[in-house]
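>>> need a structure here:
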Amino acid sequence: MNIFDLYLIKIKDILKDLSKQNKIIFPQNLEGITAEIPPVKFDSDISTNVAMFLAKINKKTPNDIAEILSPILSDNDEQIERISIAKPGFINIKFKPIFWTNFIKDVIENYKSFGVNKKEKKINYLIEFVSANPTGPLHVGHCRGAILGDVTANLLQYNNHKVTKEYYVNDYGNQIINFTKSVYFRIREIKFKENFPSNDENLYPGDYIKDFAQNIIKSNKDLNFENFENISENLTILSIEEALNLIKKNLNSLGINHDSFVSEKKLVSNKEVEKVVQTLKENNFVYKGKIKAPIGEDKNNWEEREQLLFKSTDFGDDKDRALQKSDGSWTYFASDVAYHKNKLDRNFDCLINILGADHAGYIKRISSSVDALSNSKIKLICKVSQLVKLIKDKKPFKMSKRKGDYITVDDLISEVGKDATRFIMLNRSSDVELDFDFDNVVEKSKENPLYYVQYAYARIASVFRHLNKDLSSELDIDSYDFRYSNDEIQILKKIAEWPKCIDISCNRLEPHRVAVYLYDLSSLFHSYWNLGKDNPDKRFINEQKKIDNDKLIFLKVISNVIKSGMNIIGVSTPEKM
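Numbers count the residues shown, from 1 in each chain. From the prediction side, this is the model:
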């Protein structure tokens with residue numbers, strides 16, 4: 001039950017009736033009408049801005065509109081105890097206890113679907129995320145985007161959308177040639193005791209390259225490593241395979257599994273770049289021209305040369321983008337356009353790209369290409385994952401590592417674990433920088449949001465365990481008629497916001513809202529639990545070591561929502577802590 005949608009529908013029905021009676025004028029679009037939980041000081045359960053929304057068009061004050069609507073709304077709903085009007089025109093509704101009794105019964109009976117928007121059109125999404133170059137292990141910079149992509153997928157799937165999680169393998173171009181050479185020189189170092197050319201800045205010096213080399217030598221005993229040119233093609237395949245195996249292992253340690261991996265090299269070999277360029281030409285989106293020096297570039301050092309350009313300015317980009325280099329080879333952007341044409345050909349309803357902070361400037365050009373190729377019928381949504389700063393003892397933290405110049409995903413997980421990594425990385429909106437504070441992560445207090453939420457669930461589980469019951473136990477709700485105190489209603493109002501949290505999180509692709517919601521719900525629960533220290537009436541287990549079935553149902557509802565949210569985030573809910 002989404003109580004906000006329920007009351008918005010009731011309000012809109014009232015408006016339609018009043019409009020037929022020529023008592024109210026309202027615009028065709030009523031999306032601006034909202035229903036929210038009001039601040040605690042108003043002692044109300046739900047509040048709407050409808051009077052303010054309609055005031056101008058009706059040439060009345062919000063208070064006048066509220067005076068018209070309030071008695072009609074009250075007369076048409078037996079569950080309303082009272083309605084009050086608050087400046088500058090909010091209509092605040094207070095429910096009778098029976099409302100919350102009915103609400104909690106509905107939530108218990110439909111706990112598997114509580115929060116799911118059944119009325120929303122279900123969409124087929126493709127989410128591309130991580131897509132790090134297959135040249136080494138994933139580092140902390142990839143970690144946040146990986147979790148953002150995975151939890152976004154979980155969130156959409158929870159809301160019954162179809163989702164495919166994809167990794168684009170950039171296995172073509174100069175970086176792959178240099179990567180393969182790095183593996184080759186490590187093989188020569190191992191087999192022939194030759195020195196690795198460490199002065200070559202184009203090579204990858206990390207110790208993990210030695211591991212790749214050892215594995216290739218061990219598994220390919222008949223391979224001849226005397227000449228790079230003779231072995232380069234085969235060695236590239238083997239090296240990328242090693243790198244992808246390591247990347248998949250890193251992702252798996254985060255609890256992430258992609259549904260598909262798409263190779264850039266395969267797109268190039270299948271002539272998909274040429275085909276998409278031809279498609280753009282046929283639709284007059286390509287021309288030969290010159291690009292001026294970028295802002296900040298020394299114009300004296302910039303050579304303007306004729307190139308094949310895509311008309312991205314037709315779609316709002318600040319300049320047209322090169323598809324071909326001066327030597328005739330395709331740009332990275334051209335390959336990316338071909339990849340997105342490949343996505344479009346697979347008939348998804350919506351494409352989502354999770355990009356690193358360094359790719360924020362890339363969004364407009366790739367979105368322009370999708371608009372051009374789909375005639376603006378398919379939407380590409382790009383979400384940027386901002387930087388993560390590791391903090392320990394209130395200063396930047398560098399862990400010991402064998403990889404050279406960055407901290408890997410495995411380093412981080414070995415330090416704090418998968419659950420903490422996932423939850424903390426999701427604790428703020430992805431478009432702002434995140435401080436990952438190791439001191440807070442290990443604390444057993446509200447400063448550690450993961451612990452605080454898990455502890456709420458564990459406390460509830462302890463009550464059930466005391467009664468020799470499992471949290472999955474079926475409870476008798478037929479005779480349920482619990483009368484709630486204000487403290488309990490505050491928690492129920494938060495529970496009532498769960499469907500709204502899911503809706504907003506899905507519509508805006510902002511899964512951090514789930515983590516924030518769970519923390520807020522847990523805070524309310526812990527505060528309520530702690531009341532029992534001084535007030536025996538507030539204790540879940542009474543002096544006779546028993547608990548009312550009504551309170552058990554109350555706890556069950558809270559635990560169900562926490563469990564659902566933690567499943568979306570992909571972290572555990574231990575029953576003992």
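>>> was I right to think D476 contacts L552?
No - counting by Cβ atoms under 8 Å, D476 stays clear of L552, with 9.4 Å between them. Just so you know, the C-beta spots here come from the backbone N, C-alpha and C atoms, and that holds for glycine as well.
>>> these two - which one has more neighbours?
L552 (19 against 10; other Cβ atoms under 10 Å).
>>> what are the ranges of the helices in the stretch 351-500 of the chain?
Ranges of helices in the stretch 351-500 of the chain, per DSSP state H, counting those that start in this stretch, are 363-374, 409-416, 418-425, 438-442, 449-466, 486-496, 498-508.
>>> return the member of the ones you listed having the minimum mean pLDDT.
Lowest mean pLDDT within the helices of the stretch 351-500 of the chain: helix 438-442, a mean of 85.
>>> chain center to that one: distance?
Here helix 438-442 shows a centroid-to-chain-centroid distance of 23 Å under the convention Cα atoms, centre = their mean, to the nearest Å.
>>> which of the residues in it are buried?
By neighbour count on 16 or more other Cβ atoms under 10 Å, the buried set for helix 438-442 is F438, N440, V441.
>>> closest one to L155 out of those, please.
L155 lies nearest to V441 out of those, by Cβ to Cβ, at 23.1 Å.
>>> check contacts around Q490.
Contacts of Q490 were listed using Cβ atoms under 8 Å, 6 or more residues apart in numbering, and they are V40, L524, Y528.
>>> can I get these in a markdown table including distance to R305 and secondary structure?
A markdown table is the format used below for the contacts of Q490 (distance: Cβ to Cβ, whole Å; DSSP: H, G, I helix; E, B strand; the rest coil):
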| residue | distance to R305 | secondary structure |
| --- | --- | --- |
| V40 | 66 | helix |
| L524 | 63 | helix |
| Y528 | 69 | helix |
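>>> can you redo those as a markdown table with distance to I80, neighbour count and pLDDT?
Output for the contacts of Q490, formatted as a markdown table (distance: Cβ to Cβ, whole Å; neighbours: other Cβ atoms under 10 Å; pLDDT from 0 to 100):
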| residue | distance to I80 | neighbour count | pLDDT |
| --- | --- | --- | --- |
| V40 | 19 | 10 | 85 |
| L524 | 24 | 19 | 95 |
| Y528 | 25 | 18 | 92 |
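>>> from those residues, which single one is nearest Y452?
L524 (11.4 Å).
>>> state the distance from I127 to A51.
According to Cβ to Cβ, to the nearest Å, I127 stands 41 Å off from A51.
>>> N549 too?
In terms of Cβ to Cβ, N549 sits 41 Å off from A51.
>>> cool, and T408?
Here the distance between T408 and A51 works out to 56 Å (Cβ to Cβ).
>>> thinking again about what came up before, out of the helices of the stretch 351-500 of the chain, which comes closest to R82?
R82 lies closest, by Cβ to Cβ, to one member of the helices of the stretch 351-500 of the chain: helix 486-496, at 14.5 Å.
>>> residue ranges with poor pLDDT in this protein?
Residue ranges of the chain with pLDDT under 70: 293-303, 399-405, 480-481, 542-545.
>>> out of the buried residues of helix 438-442, flag the one nearest to I489.
Nearest member of the buried residues of helix 438-442 to I489, counting by Cβ to Cβ, is N440, at 31.3 Å.
>>> which residues does the closest one contact?
N440 is in contact with E447, N448, counting by Cβ under 8 Å, 6+ apart.
>>> same thing with L15?
When the contact criterion is Cβ under 8 Å, 6+ apart, the partners of L15 are I24, F26, L30, V50, L54.
>>> again, only this time at 7 Å
Counting by Cβ atoms under 7 Å, 6 or more residues apart in numbering, L15 makes contact with I24, F26.
>>> one more: the one 4 residues further on?
When the contact criterion is Cβ under 7 Å, 6+ apart, the partners of S19 are I25, F26.
>>> am I right that it sits in a helix?
Yes - per DSSP: H, G, I helix; E, B strand; the rest coil, S19 lies within a helix segment.
>>> gap between it and N29?
S19 is 14 Å from N29, by Cβ to Cβ.
>>> ditto for K281
K281 is 41 Å from N29, by Cβ to Cβ.
>>> so the two - more neighbours on which side?
A count of neighbours by other Cβ under 10 Å puts K281 above the other of K281 and N29, at 12 against 7.
>>> assumed that one was part of a strand.
No - using three-state DSSP, the assignment for K281 is helix, not a strand.
>>> go ahead and confirm T101 touches F482.
Yes - using Cβ atoms under 7 Å, T101 is in contact with F482, at 6.4 Å.
>>> higher neighbour count, N549 and A51?
Using other Cβ under 10 Å as the criterion, N549 and A51 rank with A51 on top: 25 against 14.
>>> what packs against the helix or strand where that one lies?
A51 belongs to helix 50-58 when assigned by DSSP states H and E. When contacts are defined as 3 or more Cβ pairs under 7 Å, 6 or more residues apart in numbering; DSSP states H and E, helix 50-58 sits against helix 62-75.
>>> now do the helix it packs on against helix 50-58, angle only.
With axes from the mean of the first three to the mean of the last three Cα atoms, to 10 degrees defining the directions, helix 62-75 sits at 130 degrees from helix 50-58.
>>> elements contacting the helix or strand following helix 62-75?
Per DSSP H and E, the first helix or strand lying C-terminal to helix 62-75 is strand 80-86. Where contact means 3+ Cβ pairs under 7 Å, 6+ apart, strand 80-86 is packed against helix 62-75, strand 90-95.
>>> any chance of those in a markdown table, with mean neighbour count too?
Below are these laid out as a markdown table (neighbours: other Cβ atoms under 10 Å):
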| stretch | mean neighbour count |
| --- | --- |
| helix 62-75 | 17 |
| strand 90-95 | 22 |
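>>> and these as a markdown table, adding distance to F464?
As requested, these are exported to a markdown table (distance: least, Cβ to Cβ, whole Å):
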| stretch | distance to F464 |
| --- | --- |
| helix 62-75 | 39 |
| strand 90-95 | 28 |
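>>> nearest to D259, out of these?
strand 90-95 (44.1 Å).
>>> can you name every helix or strand that the closest one contacts?
Secondary-structure packing of strand 90-95 (3+ Cβ pairs under 7 Å, 6+ apart): strand 46-48, helix 62-75, strand 80-86.
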